[in-house]
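Enquirer: coords please:
(one chain, ligands or ions: 2)
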Amino acid sequence: MMATGTHKSTSKDTLRQVLARLEREGAGLGHFNVADHVLLKAVVAAAADTKVPVLIGASEGEREFLGVRQLTALVKSEREESDLPIFLNADHTHSLAKAIEAAKAGFDAVTIDFSGLPFEENVARTKETVQAIKAINPAILAEGEIGDIGTGSEIKETAQGGQLSTPEEARQFVEATGIDNLAPAVGNMHGMLKSMVQGKAKKHLDLERIAQIKQAAGVFLTLHGGSGTDDEHFRKAIAAGINIIHINTELRVAWRESLDKSLARDSNEVVPYKILRPVVDSVKQVVRARLRLFQSVSSDAVGTVA
Ligand code: G3H
Ligand code: ZN
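Expert: Ligands and ions are numbered 1, 2, ... in the order given. Model (predicted):
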């Protein structure tokens, strides 16, 4: 039986409290990347419509474009004005310096990503970064990544990654690094194939492996590369132990398609907010649908962290 979860989270709740509550209820937290103000407005509007918590993410490239302190200030003002639990994550952070920069700016979470390095080096660099950002803000949520799921929220010709993370490496990694949440490779992949953009193919996850990793790791789990994933697999992945789901390419596709359409409508239109308003709306629809899906509570939720 599925039911839509009802959440009483407010802007006063911490990210950890929100995650624990969602986990108890068998729901997941949506993480949506923003690269400009249009995307940010769309995510905030979707959160306001659905009244559910949301995690806004910005990778190093997205942060560089928006400005680390500027994005922090924008999200803070949205959170205060809406009284919604809107959080901010420094997504795919590949250096200690960038992690420290985000922690100092006031980000709620950091995705520490040394997954491209050999396992032992990934452990050492992640551990060092966890300690550094916790020294700045002990409440910050530190995420670590293992395995290869490819890079880039883009439209791709061929699939990337493929090898699944094992429960044993998950357990070792969590114990050795002190991370709060783990992002493993469980059949997920960054970006979308053309067939996925056309709706002809979907990503499928290894649900059994997710449950085994949850059991072994005993921390919150994050699913990266969520775009184009089968709806039912999303629901079952949350029930198996996934807490945070990252979506980016789907938003970028909606942004691009809608911007093309809006520009084509009238070549003499030069008023930015008239051109961009429909783009905000299109991206908002995508985010809202995903937020609702992640709240579709499944009765077979496991919940081992909260
Ligand atoms: O960190 C960002 C995500 O993992 C997004 O992946 O572009 O496949 O949705 P996606
Ligand atoms: Zn990612």
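Enquirer: residues touching the longest strand seen in the chain, excluding its own?
Expert: Longest strand of the chain, by residue count under DSSP state E: strand 86-93. Residues outside strand 86-93 that contact it (Cβ atoms under 8 Å, 6 or more residues apart in numbering) are 11, 15, 18, 31, 33, 44, 47, 53-60, 62-63, 71-72, 75, 78-79, 98-99, 102-103, 106-113, 129, 141, 143, 246. Every residue, glycine included, has its C-beta placed from N, CA and C.
Enquirer: could you turn the buried ones of these into a ChimeraX selection?
Expert: The following ChimeraX line selects those of the contacts of strand 86-93 that are buried, judged by 16 or more other Cβ atoms under 10 Å:
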select :11,15,18,31,33,44,47,53,54,55,56,57,58,59,60,62,63,71,72,75,78,79,98,99,102,103,106,107,108,109,110,111,112,113,129,141,143,246
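Enquirer: among the contacts of strand 86-93, which are within reach of ligand 2?
Expert: H246 (Cβ under 5 Å from the ion).
Enquirer: inside strands: which ones of the contacts of strand 86-93?
Expert: 31, 33, 54-58, 109-112, 141, 143, 246.
Enquirer: can you redo those residues as CSV with distance to ligand 1 and pLDDT?
Expert: Output for the ones in strands among the contacts of strand 86-93, formatted as CSV (distance: Cβ to the nearest ligand atom, whole Å; pLDDT from 0 to 100):
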residue, distance to ligand 1, pLDDT
H31, 7, 98
N33, 5, 98
V54, 14, 98
L55, 11, 98
I56, 12, 98
G57, 6, 98
A58, 10, 98
A109, 12, 98
V110, 12, 99
T111, 7, 98
I112, 12, 98
L141, 15, 98
E143, 10, 99
H246, 3, 98
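Enquirer: now for these, which pair is the farthest apart?
Expert: V54 and I112 (21.3 Å; Cβ to Cβ).
Enquirer: what segments of the stretch 101-250 of the chain are strands?
Expert: 109-112, 141-145, 155-156, 181-183, 192-193, 220-223, 242-247 (DSSP state E, counting those that start in this stretch).
Enquirer: out of those, which comes closest to L39?
Expert: strand 242-247 (11.3 Å).
Enquirer: indicate each strand paired with the closest one and its parallel or antiparallel sense.
Expert: Using DSSP bridges, the strands paired with strand 242-247 are strand 29-33 (parallel), strand 220-223 (parallel).
Enquirer: got the angle between that strand and strand 141-145?
Expert: Comparing the axes of strand 242-247 and strand 141-145 via axes from the mean of the first three to the mean of the last three Cα atoms, to 10 degrees yields an angle of 70 degrees.
Enquirer: if we can go back for a sec, okay if I get the strands paired with strand 242-247 as JSON lines plus distance to Q295?
Expert: As requested, the strands paired with strand 242-247 are exported to JSON lines (distance: least, Cβ to Cβ, whole Å):
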{"stretch": "strand 29-33", "distance to Q295": "9"}
{"stretch": "strand 220-223", "distance to Q295": "16"}
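Enquirer: out of these, nearest to K284?
Expert: That would be strand 29-33 among these, by Cβ to Cβ, at 10.5 Å.
Enquirer: now for the residue nearest to G106 when sequence neighbours are not counted: which residues touch it?
Expert: Using Cβ to Cβ, 6 or more residues apart in numbering and skipping the chain neighbours, the partner closest in space to G106 is T72 (4.8 Å). With contact set as Cβ under 8 Å, 6+ apart, T72 has these partners: 88, 105-107.
Enquirer: how about the helix or strand hosting V253, does it reach ligand 2?
Expert: For V253, the host element (DSSP states H and E) is helix 249-265. No: under the criterion of Cβ under 5 Å from the ion, ligand 2 is not reached by helix 249-265; the shortest gap measures 10.1 Å.
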